[in-house]
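Enquirer: Sequence and predicted model, in that order:
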Amino acid sequence: MPGGSVITECERQSRFALTWEFGGDQGRGTSWGEYAFGRGENRPVHVLHQHTRHLSRNTGTLGPGAVGVGWELGLMGLALHISQPGEPMPDEAAFATWPDGKAIITGSSERWGQAAVVAGTDPEVAVAATRRTTAFYTGESAEPS
């Protein structure tokens, strides 16, 4: 998976901010996220996520999943780190080749594609963007099988 994060702010048990830098040596871009934690009425904790991203041509070909899948994978990595602080983290590139990793990436891409349709994107355009997003993160072909 191309990308990485830098934690830019952290207030213990209340909020943190970070960047998600993607595109590797191609320098495709950076997006910024801020997360605030609070107590919910029926849930012990709820999370508010605010995201900022300057749009590029890549966003048009990959759709909202271009950034959305990356944020979800980043949060999953953070959850693993917090829940298993002494354990080594899985290799990011290998994760995308494991059956469970592919299933997580594919499912996330598909949900972002569905969200795009709900937001007004033509379904055929969204399906094509979903395939390209999945291929981007897994390294597989974007062509339908």
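Expert: In hand now; what should we look at? From a predicted model like this one, the values you see are computed outputs, not experimental measurements.

Enquirer: which non-adjacent residue is nearest Tyr137?
Expert: Ile105 (4.7 Å; CB to CB, 6 or more residues apart in numbering). The way it works is simple: take the backbone N, C-alpha and C, and place the C-beta from them, glycine included.

Enquirer: hang on, isn't that neighbour packed against Trp98?
Expert: No. Using CB atoms under 8 Å, Ile105 makes no contact with Trp98, being 10.0 Å away.

Enquirer: With neighbour numbers in mind, choose between those two.
Expert: Ile105 (24 against 12; other CB atoms under 10 Å).

Enquirer: Next up, the contacts around that one.
Expert: 69, 73, 96, 134, 137-138 (CB atoms under 8 Å, 6 or more residues apart in numbering).

Enquirer: Kindly report the same for Gln13.
Expert: Applying CB under 8 Å, 6+ apart, the residues near Gln13 are Phe37.

Enquirer: Helix, strand, or coil at it?
Expert: Using DSSP: H, G, I helix; E, B strand; the rest coil, the three-state assignment for Gln13 comes out as coil.

Enquirer: what separates it from Ala142, distance-wise?
Expert: The spacing between Gln13 and Ala142, counted by CB to CB, to the nearest Å, is 41 Å.
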